[in-house]
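Enquirer: Using only what follows, build the 3D model:
(2 chains)
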Amino acid sequence: MSDLDRGRGWRRWLDSRYQITPLIEFLRHKEVPKGPHSMFWYYLGGTTMFFFVVQILTGVLLLMYYQPGEATAYESIRYLTTKVPFGWLMRSIHCWSAHLMIISLVAHMFSTMMLKAYRPPRELTWVTGYILFALTLGFGFSGYLLPWNKLAFFATSVGTDLVKSVPLVGNWMLQVLRGGPDVTANTLYRFFGLHVVILPLAFVALIGVHLLFVQRQGMAPPLGAKVAPRGMKFFPSFALRDLLLWLFCFMVLLVLAVFLPYGPGIPGMDWELGEKADPLAPAFPGIKPEWYFLWEYQLLKEFPPHLFGLEGPQLCLLVVTVLLGIWAIIPWLDRQARRDQPSPGFSDFGWGAILFLTFLTLKAWDIGASGPATSPASLKAISWICAWWTIAAGVVIVGVRFWVHHHRWFFFTGAALLHVVLHGLLGLSYLVAGAIAAILAVGVVTACIFRDRRRQANAGGSR
Amino acid sequence: MRIFSLALCPLVCIFATAVAAEENPLASSAKLTGLLAAAGPDGKPVLSPEQRTYFDGLNDHLKALLTKAVDADIITRADHLGSILALGLRPQKMEVFLQDNCVLCHTDPEVQKPETFFPLSQESTNSPAHHLNLRDFVDDAHFRRGLSCAGCHGGDPASDKLEHSFVKEWPGTGRDKDRGWVLSFCARCHSDPTFMNRFNPALPTDQLAKYKESPHGKLLLETKDPRAPHCVSCHGVHGIRSAKNPLSKVYPKRVHETCGACHANAETMAGFKLPDGSPLPTSQLAEYRTSVHGRALLERGDLGAPACNNCHGNHAAMPVGLSSVSQSCGLCHAGNASLFDGSKHKQAFEEHKWPQCAKCHGNHGISKTHDAMLSGGPRSLCTECHQQYAKDNPECTATADYFYASITHLDESWNRFGVIAEQLAMKGLDVDPIHDKLNELADTVKQARAHVHSFSKNSFDQVAAPGNQAMQSISTLVDDAKSEFRLRQLGLLTSIVLMGLVMIAIYLKLRRLERQEDRSHQ
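Expert: Model prediction:
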């Protein structure tokens, strides 16, 4: 007697029509690989998706009251948060969940990077995840303008202005993005359409592909390990653990939403409605984007207006594009991981990237500013304090990797820390310090690659 | 036919060239072209790129005027031309400038002596010989309307002859000894309504009449005191600007400096006395700068705040009389003045010949009022007079105490509820109704403070009573908001407990499943 025959009537009814038995059998036998590494990293994709579902649900509820338009957007959000029962809670959860989703997504991406889960045959899973990350940032950027308040208006003006730096088509792209030369109600309509229709459709479609890849290929086993002799059953063990974590996440979300309804109050993580946008008012100083764009905002500030015959923002955009491009094609660059061997260089590249982003973000927060953040004394103090914080973080990271994980490859982390020391402590300009650190890192890494190849060649010859 | 055509062609060319020369005066000005292209000893062009760009942007009419001046040898050198172009004047002003041979000659350093040269740079005006700066001159309100040198000094600006023919009001000698002539000099136009109407119909023409009646006028015209101010003392000479121009010496934010130039100078003011015979003080400017009015105008830039002339007048400037103090203050503080006029104090002040508002608030150094002025403490304003003239009147003390207690209570409540509203807002609660009521309360406090000037408990109560009602409403709204927040916390706690129970159930289920799985593997 098969399981199906033993099943309840509804299951037989469904199976006779939709043949669900193969699916049930697939899920019953699906396993998550166990290994010496922490299983925790396997849950981050699930938590990201959980926050996305929360976004969809609260977004739909917000949509019932939100009215896009210059005369209605701000007013409808104000009405929603002050008059509609639980409207404040929906907005608060929506905002918190957005930030937690990005945190979870960043952690998921870096864990994938460190565990080398992108190695064959999962390159396209990495690429789809990378695009999902870009779409999530698009969600953040487009949603930020929708309340049509003062901060959102000016931050969007500054943010969209960057598109101008794209060579040849920059001005055209700006027009398309804004629906005109300036941020107006047209921009609001565009961003609304983008936020509630285009991006969700693209995201759902892509997340379907991402999940399909994960289901077809299973979760990546630890590097170097053959398929675990005994994996964890996806149903019910892993799924129930997932549910447990989701419930915990939901509890955290609710506590944050009730006690900090406008965010923790740090720059780039604050969604108090404030005043309505006034396109005719002068932009106020100190406008900063959301925290996940702060590193790019700070990097733009580090570039002079003109360099090497290019405009500063253009060059900055080029650097960012190159870095993000490298990040996107890592599965093909990491040859050792492709051979299922440890690739400490790429792990170190990931940690170097974290330190690079940390230093820029701390600087953008003006940590250590004494007086107005634009004065030379303040800028120096900010660089100094942020450098020490980053160095402290770097030392902890290097220490843990060295003593706990027995890593011995620190060239990129070293370059990132050298950059921080040269700029923050010795007062060199950010770009000069960065260039010295980058040249040193590239030089040493190239030398290592040649040395390894020579050794391999020698080893091959002696054999 | 071909021969005829060949003969006609040169004729057509000559005619076309002549027409072109007529339309484009530059075509005939080799001199101007030479000046424009002139190079200095270092081989670089004398004219800066900005000056050249400005020249290129001039219309044909202005270029023709410039050509005429060059051809008439009034402008002979490139640096002279450059200094004119460097002014960057608008076309209308440039037209006036280029048609005025006085200015064109006096801007040429090669031709003029240092004392008759009109320099361009601000630095060169530091020399006492230079009383005219060209930039000030072209910014003058008169120049803009076509009134240049000859407008005041006489002569023919279109003539290129080196002669002057001054107007009869311009004294040939002794101009510095008695400045009384300045009045009639300016009044030629400024006291003529028909003439002034052509330029600015809104400008009054009674300045001279007012001035003659003022202490300044009497000092100049009757006492012949050389220290007496006249038109030029306040308005300047060759850089006279409208009072609305921030660079003007009579712009509201600069009036205190203009008046203070004499009134804050002990040397200048030596010998002047008050009606009681005491020396005229020179502390007014220092006091004004630190007063509420001075700070509002000078620090906050509030042009509605009074300067010297708002209380003392301008052309008819005089001390504010005893009876006109409340009139003067009442121009802005109308409500307070009206309340005071209807109070018991009005009569008492008149009997004692006290200067109403100034008796309590002072004059030039009016400081910010505070509620402690009503208290019975050392900062009280009432004590000094009341101890002398109404010592045993319990009603006065009771009323002052009542005012003080009521206002401080309302004010403290407003502050306290303001802080609470901020805290509630940070918790995400709807505080709009609280802010509405807080605004009502703030209005009440403001009105209550003003109604102190009625010195009447009944009048005061009429405005203070709504404040007490607003306070009650705020208190209720705050309690409601706090209840709402408690409800949210309770809801959160309930949700967490329920979710916690579900989590425990899941955990137990997981443990059971894993034990079963372990057993089945064993």
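Enquirer: May I have stretch B:312-323 exported as PDB, CA atoms only?
Expert: Listed next in PDB are the C-alpha coordinates belonging to stretch B:312-323 (Å, rounded to 0.1, in the frame of the first residue of the first chain):
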ATOM      1  CA  HIS B 312      12.800 109.600  15.900                       C
ATOM      2  CA  GLY B 313      11.900 110.300  12.300                       C
ATOM      3  CA  ASN B 314      14.400 110.800   9.500                       C
ATOM      4  CA  HIS B 315      14.400 114.300   7.900                       C
ATOM      5  CA  ALA B 316      12.500 115.600  10.900                       C
ATOM      6  CA  ALA B 317      14.600 113.600  13.400                       C
ATOM      7  CA  MET B 318      14.000 114.800  17.000                       C
ATOM      8  CA  PRO B 319      13.800 113.400  20.500                       C
ATOM      9  CA  VAL B 320      10.700 111.400  21.200                       C
ATOM     10  CA  GLY B 321       8.500 113.600  23.300                       C
ATOM     11  CA  LEU B 322       7.100 112.400  26.600                       C
ATOM     12  CA  SER B 323       3.600 112.100  25.400                       C
END
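Enquirer: so how far is the host helix or strand of B:W414 off the chain centroid?
Expert: Using DSSP states H and E, B:W414 sits within helix B:394-426. Distance of helix B:394-426 from its chain centroid, counting by C-alpha atoms, centre = their mean, to the nearest Å, is 36 Å.
Enquirer: Quick check: buried residues in that helix?
Expert: For helix B:394-426, burial by neighbour count (16 or more other C-beta atoms under 10 Å in any protein chain shown) applies to B:396-397, B:399-400, B:403-404, B:406-407, B:410-411, B:413-414, B:417-418, B:420-421, B:424-425. Every C-beta, even on glycine, is put in place using the N, C-alpha and C of the backbone.
Enquirer: list the helices and strands the helix or strand that it is followed by packs on?
Expert: For helix B:394-426, the following helix or strand on the C-terminal side (DSSP H and E) is helix B:432-451. Applying 3 or more C-beta pairs under 8 Å, 6 or more residues apart in numbering or on different chains; DSSP states H and E, one finds that helix B:432-451 makes contact with helix B:334-341, helix B:394-426, helix B:457-521.
Enquirer: again, only this time at 6 Å
Expert: helix B:394-426, helix B:457-521 (3 or more C-beta pairs under 6 Å, 6 or more residues apart in numbering or on different chains; DSSP states H and E).
Enquirer: out of those, nearest to A:I20?
Expert: helix B:457-521 (22.3 Å; C-beta to C-beta).
Enquirer: the inter-axis angle of that closest one versus helix B:334-341?
Expert: Angle of helix B:457-521 versus helix B:334-341, following axes from the mean of the first three to the mean of the last three C-alpha atoms, to 10 degrees, is 140 degrees.
Enquirer: quick check: mean pLDDT across helix B:457-521?
Expert: For helix B:457-521, the mean pLDDT works out to 93.
Enquirer: Just give me how far it sits from the chain centre.
Expert: 54 Å.
Enquirer: and what of stretch A:447-456?
Expert: 34 Å.
Enquirer: quick one: the closest residue to B:P215 other than its chain neighbours and chain A, what's the gap?
Expert: When the adjacent residues along the chain are set aside, B:P215 lies closest to B:M318, with 5.5 Å between them (C-beta to C-beta, 6 or more residues apart in numbering or on different chains). Going from B:M318 to chain A by C-beta to the nearest C-beta, to the nearest Å gives 44 Å.
Enquirer: what about B:M318, how many neighbours?
Expert: When neighbours are counted by other C-beta atoms under 10 Å in any protein chain shown, B:M318 registers 15.
Enquirer: Give me the pLDDT value at it.
Expert: pLDDT recorded at B:M318 is 83.
Enquirer: what do you get for A:G350?
Expert: Looking at A:G350, its pLDDT stands at 94.
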